[in-house]
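> build me a model:
(chains A, B and C)
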Amino acid sequence: MRDKALSKNLLEWYDTHARILPWRVGPKEQATGVRPDPYAVWLSEVMLQQTTVAAVKDYFHRFTMRWPDIRALAAADDDEVMAQWAGLGYYARARNLLKCARTVAASGGRFPDTRAALQELPGIGPYTSAAIAAIAFDRAEPVVDGNVERVMARLFAIETPLPKAKPELTAHAAALTPGHRPGDYAQAVMDLGATVCTPKSPACGICPWRGPCAARARGAQTDLPRKIRKPPKPTRHGIVYIGRRMDGAWLLERRPASGLLGGMLGWPGSMGGETPASAPPAPGPWRPLGAEVRHTFTHFHLRLEVQVASLSQNTTPERGFFLDRQAFAPGTLPTVMRKAFGLAATCWTVEETRDLPLK
DNA sequence: TACTCGTGGGG
DNA sequence: TCCCCAAGAGT
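This is a model prediction of the structure:
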């Protein structure tokens, strides 16, 4: 009964405070019978994994314009999908996105409508399966992401640090999940966490749950959820070779399908920790730029030496391949590779590089 | 279980 | 500047 009052309270807050998001069907539209498109829900949820709403918006627009439904995406060219995902990070998501699209398309073109069946698909785990089941199929599945963990930890003043507290927080989230409008409720808790119950300086004064919040009652809201401090990131050193043939073609390589930047286009070289230390991918007058790219990944800092060369027209690369200047766009590279290109591009004249398309 | 896997913004 | 963090999943 208390749980029911809480979820009802939050749904009322959501009715007037729901954010307008490109992939969202708001409460007013749903009242008129409009239902969310499972394809759009799935695509947005995968993009939003560990990624901010602001970063996702443009990518979501580009993907849905280019591939409006699951069949279109299933038929897409792998390299083009990876190119469109470039810059968004966690590239295994893009590879799994395609696998998932092809699996769904091959079995009739409709997403399964249960959490268990959804979770069998590539790239769909405990969170995403619950989110799709709740939002697209109106199923009362508990949706637990970082927002929900934080909100539950505060609402119930859970002192156990994450990630150990996860089962406890999930149990609270499940108990609160209503049978009515579970999709709106899931989005409501996440909106609450994203806009009110924020990690730092939460806006408790305007929170619909300020009354029942146990953390606020004891003034501990900024201390929760407790977390174990992460160890410092090591620094790795790497090198990339940026070669430009006389006709303007660039020497690139397709990275291995798994591992760091897996499946993405990039400059030949080594990213530190990859074996062995890399030799130039083709014979040529390689010279260091005298400046390094600094980039931070999830678990290490990278300092990247950049070598450049103008290569003769008959160069046969030992590694990678030449991509015509018209076919190459820096925007299709992962960010760290784009940074390296930005540094190297100053070596060639404006005349030589000005026609490069951005995307 | 513990690691691996991107990127950009905010404090 | 540096750390935290964001609608996590795969191995």
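> for DNA strand B, what are the nearby residues on the stretch 151-300 of chain A?
Neighbours of DNA strand B within the stretch 151-300 of chain A, by Cβ under 7 Å from any atom of the strand: A:Lys200, A:Ser201, A:Gly259, A:Leu260, A:Leu261, A:Gly262, A:His295, A:Thr296, A:Phe297, A:Thr298, A:His299. Bear in mind the C-beta positions are built from the backbone N, C-alpha and C, glycine included.
> TSV for those, including secondary structure?
Compiled in TSV, these are given as follows (DSSP: H, G, I helix; E, B strand; the rest coil):
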residue	secondary structure
A:Lys200	coil
A:Ser201	coil
A:Gly259	coil
A:Leu260	coil
A:Leu261	coil
A:Gly262	coil
A:His295	strand
A:Thr296	strand
A:Phe297	coil
A:Thr298	coil
A:His299	coil
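> pull out the buried residues from these.
Buried members of these, scored by 16 or more other Cβ atoms under 10 Å, are A:Leu260, A:Leu261, A:His295.
> what's the closest non-adjacent residue to the residue of chain A found nearest DNA strand B?
At 2.6 Å from DNA strand B, A:Gly89 is the closest residue in chain A, using Cβ to the nearest atom of the strand. Computed as Cβ to Cβ, 6 or more residues apart in numbering, the closest residue to A:Gly89 that is not its neighbour in sequence is A:Thr51, at 6.8 Å.
> ranges for the strands of chain A?
Secondary structure of chain A by DSSP state E: the strands cover A:235-245, A:250-254, A:265-266, A:269-270, A:287-296, A:301-311, A:321-323.
> now tabulate the ones you listed in CSV and tack on mean pLDDT.
Below are those laid out as CSV (pLDDT from 0 to 100):
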stretch, mean pLDDT
strand A:235-245, 95
strand A:250-254, 97
strand A:265-266, 98
strand A:269-270, 94
strand A:287-296, 92
strand A:301-311, 95
strand A:321-323, 98
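> can you tell me which of the ones you listed is nearest to A:Gly108?
strand A:250-254 (32.0 Å; Cβ to Cβ).
> which other residues reach that closest one?
The contact list for strand A:250-254 (Cβ atoms under 8 Å, 6 or more residues apart in numbering) reads A:79, A:241-245, A:263-268, A:281-282, A:311, A:315, A:317, A:319-323, A:325, A:328.
> which positions in it come out as buried?
Quick answer for strand A:250-254 (16+ other Cβ under 10 Å): A:Trp250, A:Leu251, A:Leu252, A:Glu253.
> of the residues you listed, which is the nearest to DNA strand C?
A:Glu253 (22.0 Å).
> hang on, the earlier thing: between the strands of chain A, which one is nearest to A:Thr32?
Across the strands of chain A, A:Thr32 has its closest neighbour in strand A:265-266 (44.4 Å, Cβ to Cβ).
> which elements pack onto the closest one?
Secondary-structure packing of strand A:265-266 (3 or more Cβ pairs under 8 Å, 6 or more residues apart in numbering; DSSP states H and E): helix A:78-85, strand A:250-254.
> out of the ones you listed, which comes closest to A:Asp184?
Closest of these to A:Asp184 is helix A:78-85, at 29.1 Å (criterion: Cβ to Cβ).
> packing partners of the closest one?
By 3+ Cβ pairs under 8 Å, 6+ apart, helix A:78-85 packs against helix A:53-66, helix A:92-106, strand A:265-266.
> the last one: partners in the sheet, and parallel or antiparallel?
Just to be clear, that refers to strand A:265-266. According to DSSP bridges, strand A:265-266 has the following sheet partners: strand A:250-254 (antiparallel).
> tilt between the strand it pairs with and strand A:301-311?
Here strand A:250-254 runs at an angle of 130 degrees relative to strand A:301-311 (axes from the mean of the first three to the mean of the last three Cα atoms, to 10 degrees).
> next, the angle from strand A:250-254 to helix A:78-85.
Strand A:250-254 and helix A:78-85 are oriented at 100 degrees to each other (the same axes, to 10 degrees).
> tabulate the CA atom coordinates of strand A:250-254 in PDB.
Output in PDB follows, covering the C-alpha atoms of strand A:250-254 (Å, rounded to 0.1, in the frame of the first residue of the first chain):
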ATOM      1  CA  TRP A 250      44.900   7.600 -46.800                       C
ATOM      2  CA  LEU A 251      46.400   4.500 -45.300                       C
ATOM      3  CA  LEU A 252      43.900   3.000 -42.900                       C
ATOM      4  CA  GLU A 253      43.100  -0.300 -41.300                       C
ATOM      5  CA  ARG A 254      40.100  -2.100 -40.100                       C
END
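> count of residues packed around the residue in chain A that DNA strand C sits nearest to?
Distance from DNA strand C to each residue of chain A (Cβ to the nearest atom of the strand) is smallest for A:Gly125, at 2.4 Å. For A:Gly125, the count of nearby residues is 11 (other Cβ atoms under 10 Å).
> still on that earlier bit, just the buried members of the contacts of strand A:250-254?
Neighbour counting by 16+ other Cβ under 10 Å classes A:241-245, A:263-268, A:281-282, A:311, A:315, A:317, A:320, A:322-323, A:325, A:328 among the contacts of strand A:250-254 as buried.
> now, which of the residues you listed lie close to DNA strand C?
Okay, of these, nothing touches DNA strand C (Cβ under 7 Å from any atom of the strand).
> most packed of the helices and strands packed on helix A:78-85?
strand A:265-266 (a mean of 22; mean count of other Cβ atoms under 10 Å).
> contacts made by that strand with the rest, please.
Contacts for strand A:265-266 (Cβ under 8 Å, 6+ apart): A:79, A:82-83, A:86, A:240, A:252-255, A:332-334, A:337.
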